[in-house]
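Asker: structure, please.
(chains A and B)
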Amino acid sequence: MIYNLAKDFSKIPFGRHTSDGANSAERLRNILIPLLIECKEKNEILTVELDDVPIGIPSSFLEEGFAGIIRNSHFTSNDLRTLLFLDTEDKSYIEEVNSYIDDLENVK
Amino acid sequence: MAVEVSSILVSLVSPIISGSLILIGWKVLYGNAKRISSRGETQALYQQACKLLYDIEELSESFWLEEKHNASPSTFEMLILNKIKRLNKVITRIKERDVNVIFSQFLLRKSCTLHSFSIGSQGFPEKRLHMDNTHFQINKIEQDLSDALLVKYPHS
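Answerer: Numbering: from 1, shown residues only, chains lettered A, B, ... in the order given. This is a model prediction of the structure:
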């Protein structure tokens, strides 16, 4: 399953919570969680394509949108590593999101 | 007969040796000029990188310590991300010149933008902590760049 962040969500993703703006990480998370549930049931991987976002993606959004899935659902760090694939030429995004997932490893 | 042959040979050897010396000298001069020009271009890229780091530092100080863009953290994030993207391109060009520099875009981006949307609820000590972290990352990148350039172009 493929989800293009720029085309399917927004070209200007900013903010952590819905109170921060229309294209917040919380709104993304509310979209991704059901998709992850569906992927888990079908034994698929959810690929999120990041490269079409022109300006770049801030850390507040990355942390809340991806690692926040662990805080706000029953998914664990291991689940996320298995079910979620970030498709991007910029490996620093993958490194960053993995670091946030690792930080939550022992919390859940 | 033998004398004529040897005198012909002598008259040929001298220009051949002279010509060879000229060619070698030209090659050495050309190589040096190319190295100096390449060093100059790399130095120019290094200056560009330092300017971008300075811009990121100024933007961050304005945001964390002077309340600029506090009403719109997304504006701050957009400006910072643009600078970091350009910095990454410049450093990539420096690396293509065989300058072995390590640059973590993620750590710089994290120091600048991880807590930006919490600005409204943070007191001065927390804001100062975030700025200290940004300073640390910027200073580290600048030092790593400088060290890598020194390895590539040691002082003579």
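Asker: quick one, helices of chain B?
Answerer: Under the criterion DSSP state H, chain B contains helices at B:2-66, B:73-95, B:105-113, B:124-152.
Asker: next one: the longest one, is it in contact with chain A?
Answerer: No. No part of helix B:2-66 sits close enough to chain A to count as contact by CB under 8 Å from any CB of the partner chain; the gap is at least 12.4 Å. Using the backbone N, CA and C atoms, a C-beta is placed for each residue, glycine as well.
Asker: what is that helix packed up against?
Answerer: Packing partners of helix B:2-66 (3 or more CB pairs under 8 Å, 6 or more residues apart in numbering or on different chains; DSSP states H and E): helix B:73-95, helix B:105-113, helix B:124-152.
Asker: centre of the chain versus that helix, how much separation?
Answerer: 18 Å (CA atoms, centre = their mean, to the nearest Å).
Asker: which residues does the residue nearest the centre of chain B contact?
Answerer: By CA atoms, centre = their mean, chain B has its centre lying nearest to residue B:46, at 3.0 Å. Contacts for residue B:46 were tallied using CB atoms under 8 Å, 6 or more residues apart in numbering or on different chains; they are B:94, B:145-146, B:149.
Asker: most surrounded residue in those?
Answerer: The most neighbours of any of those, using other CB atoms under 10 Å in any protein chain shown, belong to residue B:94, which has 24 neighbours.
Asker: how many other residues sit next to residue B:48?
Answerer: 17.
Asker: count of residues packed around the spatially closest residue to it that is not a sequence neighbour?
Answerer: Distances taken as CB to CB, 6 or more residues apart in numbering or on different chains put residue B:90 closest to residue B:48, at 5.0 Å, once the chain neighbours are dropped. Residue B:90: 21 surrounding residues under other CB under 10 Å.
Asker: just to check, residue B:130 is in contact with residue B:64?
Answerer: Yes. Between residue B:130 and residue B:64 there is a contact under CB atoms under 8 Å: 5.5 Å.
Asker: still on that earlier bit, tell me the spacing between the residue nearest to the centre of chain B and chain A.
Answerer: As judged by CB to the nearest CB, to the nearest Å, residue B:46 and chain A stand 21 Å apart.
Asker: ok so, going back, just name the most buried of the helices of chain B.
Answerer: helix B:105-113 (a mean of 24; mean count of other CB atoms under 10 Å in any protein chain shown).
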